[in-house]
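**Student:** Have a look at this fold, sequence not included:
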């Protein structure tokens with residue numbers, strides 16, 4: 001496993017739509033492992049392949065419930081609404097208020113190509129939506145109701 005460089009806002013690759021994964025082999029497994037290590041090193045809860053310069057439809061997510069590797073994820077359902085602060089490893093130091101579904105279900109493949117479904121709610125649903133947006137070249141700042149000021153950020157970290 002190796003740490004990969006995380007692309008920062010302004011890099012055009014973050015705005016491109018990712019292609020479907022068709023080869024479920026060692027190259028994909030290494031990518032997923034590197035992404036998980038990079039995410040943890042950056043103290044993030046999710047990372048999409050485009051954020052490390054690979055335009056393929058795969059993400060890793062860990063909100064404290066164990067690692068999820070989602071390859072070729074597709075939304076099946078989205079329900080409810082929740083608003084909360086979001087940040088991104090590709091946009092360090094910036095946070096905004098974003099509305100996301102309260103609950104989502106996603107069909108995806110694992111690292112071997114086997115199909116699965118994931119039911120996610122609350123914070124996991126937010127992370128899934130955030131990471132899947134990356135696969136279509138969308139950043140949280142595109143959906144933010146408003147960005148948080150440094151004072152608001154400080155207040156949030158103190159609470």
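**Tutor:** Noted; the coordinates are in hand. Values in this document were obtained by computation on a predicted structure and should not be read as measured data. Residues are numbered from 1 along each chain as shown.
**Student:** In the protein, spot the helix with the most residues.
**Tutor:** Ranked by residue count and defined by DSSP state H, the top helix of the chain is helix 26-41.
**Student:** Give me the helices and strands touching that one, please.
**Tutor:** Under the contact criterion of 3 or more CB pairs under 8 Å, 6 or more residues apart in numbering; DSSP states H and E, helix 26-41 touches strand 46-48, strand 58-61, strand 68-79. C-beta here means a position set from N, CA and C on the backbone, and glycine is covered the same way.
**Student:** do that again at 6 Å, thanks
**Tutor:** Judged by 3 or more CB pairs under 6 Å, 6 or more residues apart in numbering; DSSP states H and E, the packing partners of helix 26-41 are strand 58-61.
**Student:** Compute the distance from the centre of the strand it packs on to the centre of its chain.
**Tutor:** 6 Å (CA atoms, centre = their mean, to the nearest Å).
**Student:** swap in stretch 138-154?
**Tutor:** That offset, for stretch 138-154, works out to 16 Å (CA atoms, centre = their mean).
**Student:** Now it: buried residues?
**Tutor:** Of all the residues in stretch 138-154, those buried under the rule 16 or more other CB atoms under 10 Å are 138-141, 143-144, 148, 153.
**Student:** From one end of stretch 139-146 to the other, what's the distance?
**Tutor:** 13 Å (CA to CA, to the nearest Å).
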